[in-house]
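> below are the sequence and a predicted model; questions follow.
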Amino acid sequence: MVMVGAGAIGSFYGAILKRAGCHVSVVLRSEYDVVREKGFSIDSPLGDLSYQPDAVYRDGETLEQAPDYVICCVKVLPGVDRGALLKPWVGEHTRIVLIENGIDIERAVADVFPANPLISCLAFIAVSRTEPGRIEHKAFGQLTMGTWPDGISDDCRAIAALFEAGGINIKLSESVVAERWRKSLWNTPFNPLSVLAGGADTVTMLDTEGGEALVREMMAEVVAVAAADGHPMPEDAIDKNIAGTRKMPAYRNSMALDYLNGRPMEIDAILGNVVAIAQQHGVAVPRLETMRAALAMRDVQAAKDN
Ligand SMILES: NC(=O)C1=CN([C@@H]2O[C@H](COP(=O)(O)OP(=O)(O)OC[C@H]3O[C@@H](n4cnc5c(N)ncnc54)[C@H](OP(=O)(O)O)[C@@H]3O)[C@@H](O)[C@H]2O)C=CC1
Ligand SMILES: CC(C)(CO)C(=O)C(=O)O
């Protein structure tokens, strides 16, 4: 296995594969020296998952023998060409696995590797990097996965079995695109809203006057876009999402953490692509459009200020 991008998600799921007995290599950028020297230190309710990867590479190195699986865990950002990033590590028979948030994020990779099997995964986990090479896994960890654009191939079952052997619950889905819409029902409202509210957690967003109503309205827009795109959701999907979120302790999502740490945010993957699909289908999404424009302004201003 080669993990391309081993921040919070890549290093955590790399640890899981290591527990399953896999040979796990990582491709790193800023953390190359630290991880080469000390490995990853991972605090987790599953136990101490700290490990030394079998090999640590820099971006752009090459391998004599291509791996069976390349697992892409970088943020989905407009300036990041994931196809180019993966290229050195993907051979003729390599299966590509994405563990990343967002809607319609597979196409850019599939276009570069049309002949390689592509497995798309959604992570339901709270994990973050606290310092270089140090990861804090707070809760959850389930992966939902399927072959892109649909079906469950043997390759998909094989990698799912490895994650399960490492202690992770897996949901296999015949339609990973529908699963992305279901996750988007949560991420598309909550992630941008938390940023525009200055890094608000879930309890603040739901309990502030007008907060839950706004989240529900944004969710209704996502439901309408998903349905127009061929992925209708159950009628109680919004109620269930709100009730589920209310049961969780106050939680800051990955975009809120990026914002608070001055890192680029996945605005297009999580919100912009939903707005673009709404426009293709002629679905009105005034709240999502407003959020997208306001977040884009924040990004532009941050770039000017830094
Ligand atoms: N964290 C979480 O709880 C959750 C995250 N997700 C999703 O998972 C995905 C990954 O997120 P997360 O792990 O949190 O993000 P992180 O920022 O923690 O990690 C991203 C990693 O990608 C690396 N990277 C980026 N560009 C390159 C490059 N050119 N070469 C080598 N490495 C590169 C970064 O390196 P560097 O440090 O040098 O920038 C970093 O190690 C995102 O799509 C996110 O939305 C989904 C659910 C929960
Ligand atoms: C659903 C959640 C909150 C964690 O899995 C997430 O996707 C995020 O933090 O962006």
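Thanks, I have the structure now. For clarity, every value in this text was computed on a predicted model and none was experimentally measured. Numbering: from 1, shown residues only. Ligands and ions are numbered 1, 2, ... in the order given.

> the residue of the chain found nearest ligand 1: neighbour count?
The nearest approach of the chain to ligand 1 comes at residue 7, 1.9 Å away (Cβ to the nearest ligand atom). Quick note: C-beta positions are derived from backbone N, CA and C, even for glycine. Residues near residue 7, counting by other Cβ atoms under 10 Å, number 21.

> what's the burial count for the nearest residue to it once chain neighbours are set aside?
Spatial nearest neighbour of residue 7, excluding adjacent residues (Cβ to Cβ, 6 or more residues apart in numbering): residue 129 at 5.4 Å. Residue 129: 19 surrounding residues under other Cβ under 10 Å.

> and what of residue 295?
23.

> residues touching residue 278, list them.
221, 224, 225, 228, 284, 285, 288 (Cβ atoms under 8 Å, 6 or more residues apart in numbering).

> can you get me the start-to-end distance on stretch 200-215?
13 Å (Cα to Cα, to the nearest Å).

> pLDDT wise, what is residue 263 at?
Looking at residue 263, its pLDDT stands at 89.

> what's near enough to touch it?
75, 257.

> gap between it and ligand 2?
Per Cβ to the nearest ligand atom, to the nearest Å, residue 263 is found 13 Å from ligand 2.

> so which helix or strand takes in that residue?
Taking DSSP states H and E as the definition, one finds residue 263 inside no helix or strand.

> run a quick neighbour tally on residue 16.
23.

> spell out the secondary structure type for it.
At residue 16 the chain is in helix, as set by DSSP: H, G, I helix; E, B strand; the rest coil.

> how about the nearest residue to residue 205, chain neighbours excluded?
residue 211 (5.0 Å).

> over to residue 183?
residue 122 (5.1 Å).

> what's opposite that neighbour in the beta bridge?
When assigned by DSSP bridges, residue 122 has beta-bridge partners residue 144.

> quick one: pLDDT of it?
pLDDT, read off for residue 122, is 98.

> and residue 164, by the same measure?
pLDDT, read off for residue 164, is 98.

> helix/strand/coil for it?
Strictly by three-state DSSP, residue 164 counts as helix.

> that's a helix at residue 70, yeah?
No. With three-state DSSP as the criterion, residue 70 is located in strand rather than a helix.

> per-residue pLDDT, it?
98.

> greatest separation within the contacts of residue 278: which pair is it?
The span of these, defined through Cβ to Cβ, is set by 228 and 288 at 13.2 Å.

> more neighbours: these two, which one.
Neighbours were counted for residue 228 and for residue 288 using other Cβ under 10 Å; residue 288 has more, 23 against 15.

> pull the contacting residues for that one.
Residue 288 neighbours (Cβ under 8 Å, 6+ apart): 188, 218, 221, 222, 271, 274, 275, 278.

> now it: how far from residue 106?
21 Å (Cβ to Cβ, to the nearest Å).

> this structure: strands as residue ranges?
2-4, 25-28, 41-44, 47-48, 55-58, 69-72, 95-99, 118-131, 134-147, 170-172 (DSSP state E).

> give me the beta-bridge partners of the residue nearest to residue 257 when sequence neighbours are not counted?
Nearest residue to residue 257, sequence neighbours excluded (Cβ to Cβ, 6+ apart): residue 128, at 5.9 Å. Beta-bridge partners for residue 128, by DSSP bridges, are residue 136.

> residue 128 touches residue 139, doesn't it?
No. Counting by Cβ atoms under 8 Å, residue 139 is not a contact partner of residue 128; they are 11.4 Å apart.

> residue contacts, the residue nearest to residue 257?
Residue 128 neighbours (Cβ under 8 Å, 6+ apart): 8, 135, 136, 138, 254, 257.

> could you do residue 250 as well?
201, 202, 203, 204.

> what's the burial count for the third one?
With neighbours defined by other Cβ under 10 Å, the count for residue 203 comes to 15.

> so what's the residue count around residue 39?
17.

> can you pull the pLDDT of it?
pLDDT, residue 39: 98.

> repeat for residue 63
Looking at residue 63, its pLDDT reads 85.

> same question for the one 10 residues further on.
Among the per-residue scores, residue 73 holds a pLDDT of 98.

> break this structure into its domains for me.
2-174, 178-305 (automatic domain parsing).

> rewinding a little: deepest-packed of the strands of the chain, please.
strand 2-4 (a mean of 27; mean count of other Cβ atoms under 10 Å).

> can you list contacts of it?
With Cβ under 8 Å, 6+ apart, strand 2-4 has contacts from 10-11, 13-14, 24-27, 53, 57, 63, 67, 69-74, 85-86, 89.

> how far does it sit from its chain's centre?
15 Å (Cα atoms, centre = their mean, to the nearest Å).
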